[in-house]
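Here is a sequence with its predicted model. Questions after.
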Amino acid sequence: MDNMSMVQARTPEKLKANASEVLDQLGLNLSTYINMALNQLVIQRRIPFEVGLDARHYTDREAVDEVTATMRMEGFELKQEEIDMLKACRKGNISSEELRRKFIAEA
């Protein structure tokens, strides 16, 4: 068996409690999960989940204006309700899949 080393990390109590509850339901504990995550880091040689900043190059208004202009070029006019749905999607209030389903349903 490998020599064991202690790892200490500070985390909010509520986060630890919530994570421990989920892990308990999975039959795991926090120590096992941390070792799993560290093993995946070593195996994959990358953080095993997406980490990044929101790389928006457009403001919400510019993004909605671009979609509106594109739709207009295709002969479609967006209603205010549809523009509001685009804004909600851009802000993360609805998913792009939900938005797609709504647009298809209205077509």
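Received it, and whenever you're ready, just let me know what you need.

can you map out the helices along the protein?
Assigned by DSSP state H, the helices in the chain fall at 13-25, 30-44, 60-73, 80-90, 96-106.

Just put these in a markdown table and tack on mean pLDDT, distance to residue 4 and mean neighbour count.
In this view, the C-beta of every residue, glycine as well, is placed from N, C-alpha and C. Putting those into a markdown table (pLDDT from 0 to 100; distance: least, CB to CB, whole Å; neighbours: other CB atoms under 10 Å) gives the following:
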| stretch | mean pLDDT | distance to residue 4 | mean neighbour count |
| --- | --- | --- | --- |
| helix 13-25 | 94 | 19 | 11 |
| helix 30-44 | 93 | 10 | 12 |
| helix 60-73 | 79 | 50 | 13 |
| helix 80-90 | 84 | 48 | 16 |
| helix 96-106 | 78 | 44 | 11 |
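
so which of these comes closest to residue 6?
Closest approach to residue 6 among the helices of the chain is made by helix 30-44 (10.4 Å; CB to CB).

Residues contacting that closest one, please?
By CB atoms under 8 Å, 6 or more residues apart in numbering, the residues outside helix 30-44 that reach it are 7, 16, 19, 20, 23, 28, 47, 48.

Quick one: work out the angle between that helix and helix 13-25.
Relative orientation of helix 30-44 and helix 13-25, computed by axes from the mean of the first three to the mean of the last three CA atoms, to 10 degrees: 80 degrees.

So what's the gap between helix 30-44 and the chain middle?
Here helix 30-44 is found 21 Å from its chain centre; the criterion is CA atoms, centre = their mean, to the nearest Å.

Pull that helix out as CSV, backbone CA atoms only.
Output of helix 30-44 as CSV, limited to C-alpha atoms (Å, rounded to 0.1, in the frame of the first residue of the first chain):
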residue,chain,number,x,y,z
LEU,A,30,-15.4,12.9,1.0
SER,A,31,-12.0,11.4,1.3
THR,A,32,-12.8,8.7,-1.4
TYR,A,33,-14.2,11.4,-3.7
ILE,A,34,-11.2,13.6,-3.4
ASN,A,35,-8.9,10.7,-4.2
MET,A,36,-11.1,9.8,-7.2
ALA,A,37,-10.9,13.5,-8.4
LEU,A,38,-7.1,13.5,-7.9
ASN,A,39,-6.7,10.2,-9.8
GLN,A,40,-8.7,11.5,-12.7
LEU,A,41,-6.5,14.7,-12.7
VAL,A,42,-3.4,12.5,-13.0
ILE,A,43,-5.0,10.0,-15.5
GLN,A,44,-6.4,12.7,-17.8
